[in-house]
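Quick one, what's the 3D model for this:
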Amino acid sequence: MDKLDDSAKIEAFLRGKGWPVTPLGPDTWRSSFRGSRGTLPLILRVEEGWVKLTVIPIARMPADPQRAEGLYQRLLRLNDEIMMARFSLDEDGDVLLSVEFPVADCDASEIQDSLDVLTFFAEKHQPEIKELVG
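Presented below is the predicted three-dimensional model:
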């Protein structure tokens with residue numbers, strides 16, 4: 001299956017589930033989902049053989065160096081504790097939560113599992129992360 005087919009499959013799955021989907025490029029979309037604590041923004045990208053789903057932002061990095069250090073340490077610990085998803089930072093200072101899987105594994109169940117994992121960990125950890133940010 002080629003990249004275009006994979007991209008179309010992901011977009012069709014999201015639209016079929018009633019998710020709002022806004023194309024940002026040929027292989028990138030913006031969406032959002034409602035959790036129990038509000039709406040979370042989602043970016044989906046197909047790139048170099050991988051599908052990446054990212055909640056952005058979970059929070060913004062604090063300007064205070066001591067708060068930032070505490071947040072770094074907590075994110076590293078969380079990455080060791082959680083399965084399938086990872087926290088990271090982008091160049092703008094946003095804390096991200098992502099799931100990646102090979103395009104070859106891309107099917108409706110893999111996409112749904114990824115969305116479920118993101119929803120679970122975002123809702124579970126975002127309040128603590130926002131508290132650490134201050």
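
Please spell out which residues along the longest helix along the chain are buried.
Assignment by DSSP state H gives helix 108-133 as the longest helix of the chain. Residues of helix 108-133 classed as buried by neighbour count (16 or more other C-beta atoms under 10 Å): 110-111, 114-115, 117-119, 121-122, 125-126, 129, 132-133. C-beta coordinates here come from the backbone N, C-alpha and C atoms, glycine included.

so what's the most centrally placed residue in the chain closest to, chain neighbours aside?
The C-alpha lying nearest the average C-alpha coordinate of the chain belongs to residue 54 (C-alpha atoms, centre = their mean; 2.0 Å). Among residues not flanking residue 54 along the chain, residue 98 sits closest, at 4.3 Å (C-beta to C-beta, 6 or more residues apart in numbering).

neighbours around residue 34, how many?
For residue 34, the tally of surrounding residues (other C-beta atoms under 10 Å) stands at 9.

Secondary structure element holding it?
Assigned by DSSP states H and E, residue 34 belongs to strand 28-35.

Touching that strand from outside, list them.
Residues outside strand 28-35 that contact it (C-beta atoms under 8 Å, 6 or more residues apart in numbering): 10-11, 14, 19-24, 39-46, 115, 119, 122-123.
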